[in-house]
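Trainee: with the input below, show me the fold.
(one chain, ligands or ions: 2)
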Amino acid sequence: MSERTCLAIVLAAGEGTRMRSARPKVLHQIAGQPMLAHVLAAVRQAGGSAVAVVVGPDADAVSAEASRSEPRAELFVQRERLGTAHAVLTAVDALARGADDVLVIFGDTPLIRPQTLLRMREALANGAAIAVLGFRPKDPTGYGRLVLAGDDLVAIREELDATAAERAIDLCNGGLMAFAGSTAMSIIKQIGNDNRKREFYLTDAVAIARTMKLKAVVIETEEDDVRGINTKVQLAEAEAALQQRLRKTAMDAGVTLVAPDTVFLAADTTFGRDVVIEPYVVFGPGVTVEDNAVIRSFSHLDHAHVGKGALVGPYARLRPGAKLGADVHIGNFVEVKESVIEDGAKANHLAYIGDARLGAGSNFGAGAIVCNYDGAAKHRTDIGKGAFIGSNAALVAPVSIGDGAYVATGSVITQNVPADGLAIARERQVVKDGGASRIRAIKAAAKAKKGAAE
Ligand code: UD1
Ligand code: CA
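Mentor: Ligands and ions are numbered 1, 2, ... in the order given. Sure, this is the predicted structure:
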């Protein structure tokens with residue numbers, strides 16, 4: 001299989017009006033990444049050696065996402081939406097370059113698995129000119145029906161054009177098709193638009209292949225693989241289905257999910273061994289969690305790294321660029337952004353750490369914060385190894401605290417503190433003996449005077 005080249009043509013010119021959104025359909029996200037990125041990842045894993053993406057007019061955002069997630073992708077604009085075969089021929093230049101296998105995939109079918117694409121390619125390697133992905137939906141309404149004669153696929157009939165007998169067929173077209181590169185172009189070029197919708201249907205390729213004495217077969221798969229997204233409800237259903245898959249994959253790899261249904265993962269979340277995730281944790285994209293780390297309940301992580309044996313949460317927020325070393329503790333109501341927290345450092349309660357470094361073994365006290373933003377620009381805070389930041393300290397960036405230095409509780413630190421220095425930056429406390437009684441007497445007199453006046 002590996003020596004066969006493969007061109008994947010991804011159709012993404014749909015407008016997606018039923019999403020009721022200004023955002024193009026294929027850019028809606030599931031598990032933290034756009035649908036289009038899921039499809040392109042599946043193509044990559046299925047050995048796609050060339051990729052063509054067909055986009056609609058005014059689809060700069062779709063093109064940008066295609067190039068971001070698959071830099072090799074060649075973009076083609078379909079100016080008029082005249083049907084799936086017309087969309088494929090928009091990428092005629094890529095098709096003309098030739099490939100052993102040609103996969104045609106929809107950009108709004110994000111749950112397609114690479115192993116399913118590989119099964120389709122295998123059918124081509126075994127001599128089929130066309131392999132169609134079939135499935136048996138609970139409700140076949142709206143799908144093209146697969147007309148079989150024995151094991152051979154004879155035709156695909158779009159529902160609008162089907163006879164009553166054809167409509168009774170429960171094996172449906174998932175929409176994804178694979179073509180032997182040697183005959184793909186000659187088949188697709190023969191497709192006309194003689195049907196109820198006056199569209200050029202890629203599905204007509206099957207009947208044409210028959211007239212050319214070429215073999216077409218069905219590869220049957222489960223409904224999730226071909227789940228098309230047209231509405232926000234279907235988007236949510238796909239999200240749920242993908243979350244189930246991701247949770248299972250994580251648990252199969254040895255992650256403990258105490259209550260799997262309450263943990264939300266991103267497609268790219270990466271776990272080491274013996275990681276424990278407590279209930280109600282949300283992972284945005286770009287998170288890596290190393291061996292033996294524990295993520296406690298109600299934590300939210302996004303583009304963050306959690307080192308070996310680290311303890312995060314409950315109620316922790318790791319924002320983009322949070323990099324936690326080994327055995328770090330980030331406790332309740334602590335927010336970390338764009339900061340390196342070195343091995344063994346701790347911030348256990350109510351703190352904000354942004355644009356900073358916490359040196360190894362340092363301690364960032366309850367309620368302490370960095371003041372990293374002055375209203376115009378962000379500035380950095382650097383805290384050395386083994387430093388101690390007292391509770392409720394405010395570190396006004398840019399500022400650095402040396403190794404082993406000590407910042408007194410409640411200090412507002414505006415100047416650098418050298419290594420091993422002790423910084424106290426707060427009003428000195430004043431105590432007046434008997435002062436409490438004097439205050440009470442003054443208040444009582446004021447009250448009596450007010451009473452007399454009334
Ligand atoms: C298609 C199949 C149908 C199958 C169903 C599965 C055809 C003719 N029919 O029907 O047999 O059961 O999928 O979901 O293929 N697109 C373009 N340009 C176009 C037309 C479509 O890019 O001119 C893209 C759409 O954005 C979409 C995909 O191709 O991603 C499929 O088109 P759509 O109109 O949704 O086809 P269906 O009617 O769903
Ligand atoms: Ca569709």
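Trainee: quick one: contacts for the residue in the stretch 201-350 of the chain positioned nearest to ligand 1?
Mentor: With Cβ to the nearest ligand atom, the shortest gap between the stretch 201-350 of the chain and ligand 1 falls at residue 201, namely 3.8 Å. (Each C-beta comes from the backbone N, C-alpha and C, glycine too.) Residues in contact with residue 201 (Cβ atoms under 8 Å, 6 or more residues apart in numbering) are 83-85, 156, 158, 191, 193, 195.
Trainee: what does the model give it for pLDDT?
Mentor: Per-residue pLDDT puts residue 201 at 96.
Trainee: residues from the stretch 151-300 of the chain in reach of ligand 1?
Mentor: For the stretch 151-300 of the chain, the residues in contact with ligand 1 (Cβ under 6 Å from any ligand atom) are 156, 158, 172-175, 201-203, 228.
Trainee: inside strands: which ones of these?
Mentor: 156, 172-175 (DSSP state E).
Trainee: about what we covered before: taking the contacts of residue 201 together, which two end up most distant?
Mentor: Within those, 156 and 193 form the most distant pair, 15.2 Å apart (Cβ to Cβ).
Trainee: neighbour-wise, which of the two wins?
Mentor: residue 156 (28 against 14; other Cβ atoms under 10 Å).
Trainee: contacting residues around the nearest residue to that one once chain neighbours are set aside?
Mentor: Residue nearest to residue 156 in three dimensions, not counting chain neighbours: residue 203, with 3.8 Å by Cβ to Cβ, 6 or more residues apart in numbering. Contacts for residue 203 were tallied using Cβ under 8 Å, 6+ apart; they are 84, 144, 156-158, 173, 177.
Trainee: let me know the average pLDDT across the longest helix along the chain.
Mentor: For the chain, the helix that runs over the most residues, judged by DSSP state H, is helix 232-252. Averaged over helix 232-252, pLDDT sits at 97.
Trainee: convert it to CSV, retaining C-alpha atoms only.
Mentor: Extracted C-alpha coordinates of helix 232-252, given in CSV (Å, rounded to 0.1, in the frame of the first residue of the first chain):
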residue,chain,number,x,y,z
LYS,A,232,-25.6,23.0,15.0
VAL,A,233,-27.5,20.0,16.4
GLN,A,234,-25.5,17.7,14.1
LEU,A,235,-22.3,19.5,15.2
ALA,A,236,-23.1,18.8,18.8
GLU,A,237,-23.8,15.2,18.0
ALA,A,238,-20.5,14.8,16.2
GLU,A,239,-18.7,16.5,19.2
ALA,A,240,-20.3,13.9,21.5
ALA,A,241,-19.4,11.0,19.3
LEU,A,242,-15.8,12.2,19.0
GLN,A,243,-15.5,12.8,22.7
GLN,A,244,-16.5,9.2,23.3
ARG,A,245,-13.7,8.1,20.9
LEU,A,246,-11.1,10.3,22.5
ARG,A,247,-12.0,9.3,26.0
LYS,A,248,-11.8,5.6,25.1
THR,A,249,-8.4,6.1,23.3
ALA,A,250,-7.1,7.9,26.4
MET,A,251,-8.2,5.2,28.8
ASP,A,252,-6.9,2.5,26.4
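Trainee: I figured residue 411 hits residue 421, correct?
Mentor: No: with contact defined as Cβ atoms under 8 Å, residue 411 does not count as touching residue 421 (11.9 Å).
Trainee: okay, these two: which has more neighbours?
Mentor: residue 411 (21 against 14).
Trainee: what about the residue lying closest to the more buried one once chain neighbours are set aside, which SS state?
Mentor: Once flanking residues are discounted, residue 411 sits nearest to residue 425: 4.0 Å by Cβ to Cβ, 6+ apart. Three-state call for residue 425 (DSSP: H, G, I helix; E, B strand; the rest coil): coil.
Trainee: flag every buried residue along stretch 171-185.
Mentor: Within stretch 171-185, the residues that count as buried by 16 or more other Cβ atoms under 10 Å are 171-181, 183-185.
Trainee: same thing with stretch 319-336?
Mentor: 319, 321-336.
Trainee: surely the residue nearest to residue 411 meets residue 414?
Mentor: Yes: Residue 425 lies in contact with residue 414 (Cβ under 8 Å); the separation is 7.3 Å.
Trainee: between the two, which one's more packed in?
Mentor: The neighbour comparison of residue 425 against residue 414 (other Cβ under 10 Å) goes to residue 425, with 16 against 13.
Trainee: which residues does that one contact?
Mentor: Counted by Cβ under 8 Å, 6+ apart, residue 425 has contacts 408, 411-414.
Trainee: kindly report the same for residue 146.
Mentor: Residues near residue 146 by Cβ under 8 Å, 6+ apart: 132, 134, 153, 156, 169, 171-173, 218.
Trainee: who's it bridged to?
Mentor: Beta bridges link residue 146 to residue 156, judged by DSSP bridges.
Trainee: check it and give its pLDDT.
Mentor: Residue 146 is given a pLDDT of 97.
Trainee: do residue 58 as well
Mentor: You'll see residue 58 listed with a pLDDT of 87.
Trainee: ok, it - how many residues close by?
Mentor: Counted with other Cβ under 10 Å, residue 58 comes out at 9.
Trainee: ok so, going back, rebuild the buried residues of stretch 171-185 as CSV, extending it with pLDDT and distance to residue 368.
Mentor: Below are those laid out as CSV (pLDDT from 0 to 100; distance: Cβ to Cβ, whole Å):
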residue, pLDDT, distance to residue 368
171, 97, 64
172, 96, 60
173, 97, 61
174, 95, 56
175, 94, 56
176, 97, 55
177, 98, 60
178, 98, 59
179, 98, 63
180, 98, 66
181, 97, 63
183, 98, 69
184, 98, 64
185, 97, 67
